[in-house]
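Peer 1: This is a predicted model, with the sequence first.
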Amino acid sequence: MVTISINDEPRQFPQPVQLEDLLQDYRARNPDLAFAIAVNGEFVPRTQYPQVQLQDGDTLDIVNPVGGG
Amino acid sequence: MSQDQLTSQDKLTLYGESFSSRLLLGTALYPSPQTMLESIQASRCEIVTLGLRRQNPKDRDGAQIWEAIKSTGCRLLPNTAGCKTVKEAVNLAEMSREIFGTPWIKLEVVGDDYNLQPDPFGLVEAAEELIKRGFKVLPYCTDDLVLCQKLLSVGCEVLMPWGSPIGTGQGLLNKYNLRTLRERLPNIPLIVDAGIGAPSQACEAMEMGFDAVLLNTAVAKAQQPALMAQAFGGAIDAGRAAFLAGLMQKRQTASPSTPVIGQPFWHQQNRQQ
């Protein structure tokens, strides 16, 4: 099993996961939400999503716009 | 030149862009997106700050607020609020640039959880890295002159020293340091950021010659946010006009404003004594 932390919530998968596959699900659930990605604390530009495969122990941060001061 | 011409030609210029308003307004803590929109409109601000956070699946306000902010047409100034390391700040800035499509970043690197004081060492390092990557950095900093000089030396063209810690409403706590910054950096846009609790405090900053004021909590947490936003807009305009007009020097002793010559009853008072 592969454990990936998504926004601090551990999720298990039978094998390493393509980032794009994870994001398809995310976009379907949040169609109107702008987002950006970091893997293991490093920003991943949109253009690089197809090249990213998430491994056991990886952390994925998905952030969205909020009000701020 | 008329007064109207003087004030209409008086623009705030940040990284080559000019603005009529000298108030930058935060978009957090409002009771609702609608209240935020009414406050932005009432303040007449042209720049708003905003942030990035992980979405709480139960909270749909994030999408609403973003849509509302976009609808204002204001210049966006994303922040790196909450970042404690250079790495966090740089990566959040990159994420902001991708989402918001702007190289402008309000750089925050928190050095202390208790008063949210900026970490001066991390701030300079992060600013230098972000400027190398093409960002236009507006650092939220303390009022320390040497820190401000270091930030300028790595390429910051605007500085945002605190009035007092974020959300405290304490106003301008260290006026000596703030005056020193203004005097020693006369050609650098200086924006007092954080700690402003009342329009009078914002007005005072502008009277001191600061170029603009950035605030959030004082408006968002007012009983009537839009009315408070209007009050801040007016106070900032008044303070700027007063600075341009030139304040009188303070004096230790009284000086009558009404002419003394021709004072009636004066001789009568002398006779009574």
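Peer 2: Structure's in. What do you need?

Peer 1: per-residue pLDDT, the closest residue to chain B within chain A?
Peer 2: Going by C-beta to the nearest C-beta, chain B is nearest to A:G68 of chain A, at 2.8 Å. Heads up, the C-betas are built off the backbone N, CA and C, glycines and all. The model reports A:G68 with a pLDDT of 94.

Peer 1: Surely it and B:T27 touch.
Peer 2: Yes. A:G68 lies in contact with B:T27 (C-beta atoms under 8 Å); the separation is 6.2 Å.

Peer 1: got a list of what the residue of chain A closest to chain B touches?
Peer 2: B:26-28, B:49-52, B:78-79, B:81 (C-beta atoms under 8 Å, 6 or more residues apart in numbering or on different chains).

Peer 1: In three-state terms, label the most centrally placed residue in chain A for me.
Peer 2: Nearest to the mean C-alpha position of chain A, counting by C-alpha atoms, centre = their mean, stands A:L60 at 4.5 Å. Under DSSP: H, G, I helix; E, B strand; the rest coil, A:L60 falls in the strand class.

Peer 1: Beta-bridge partners for the residue nearest to it when sequence neighbours are not counted, please?
Peer 2: The shortest distance from A:L60 to any non-neighbouring residue, by C-beta to C-beta, 6 or more residues apart in numbering or on different chains, is to A:I6 (4.8 Å). Beta bridges link A:I6 to A:E9, A:L60, judged by DSSP bridges.

Peer 1: Nearest spatial neighbour of B:Y30, chain-adjacent residues omitted?
Peer 2: Using C-beta to C-beta, 6+ apart, the closest residue to B:Y30 is B:M36 (4.0 Å).

Peer 1: That neighbour falls within a helix, correct?
Peer 2: Yes. Remark: B:M36 belongs to a helix, assigned using three-state DSSP.

Peer 1: Look up how far B:I236 lies from it.
Peer 2: Look at B:M36 and B:I236: by C-beta to C-beta, to the nearest Å, they are 19 Å apart.

Peer 1: And B:Y30, by the same measure?
Peer 2: 19 Å.

Peer 1: does whatever residue of chain B ends up closest to chain A sit in a helix, a strand or a coil?
Peer 2: Using C-beta to the nearest C-beta, the closest approach of chain B to chain A is made by B:G51 at 2.8 Å. Secondary structure, three-state DSSP: B:G51 is strand.

Peer 1: who are the neighbours in contact with it?
Peer 2: B:G51 sits in contact with A:65-69, B:28, B:78-79, B:81-82, where contact means C-beta under 8 Å, 6+ apart.

Peer 1: Could you report the pLDDT at B:F243?
Peer 2: The model's pLDDT for B:F243 equals 97.

Peer 1: What count of nearby residues applies to it?
Peer 2: Residues lying near B:F243 (other C-beta atoms under 10 Å in any protein chain shown) number 19.

Peer 1: cool, and B:M248?
Peer 2: B:M248, neighbours per other C-beta under 10 Å, totals 6.

Peer 1: Many thanks, we can stop here.
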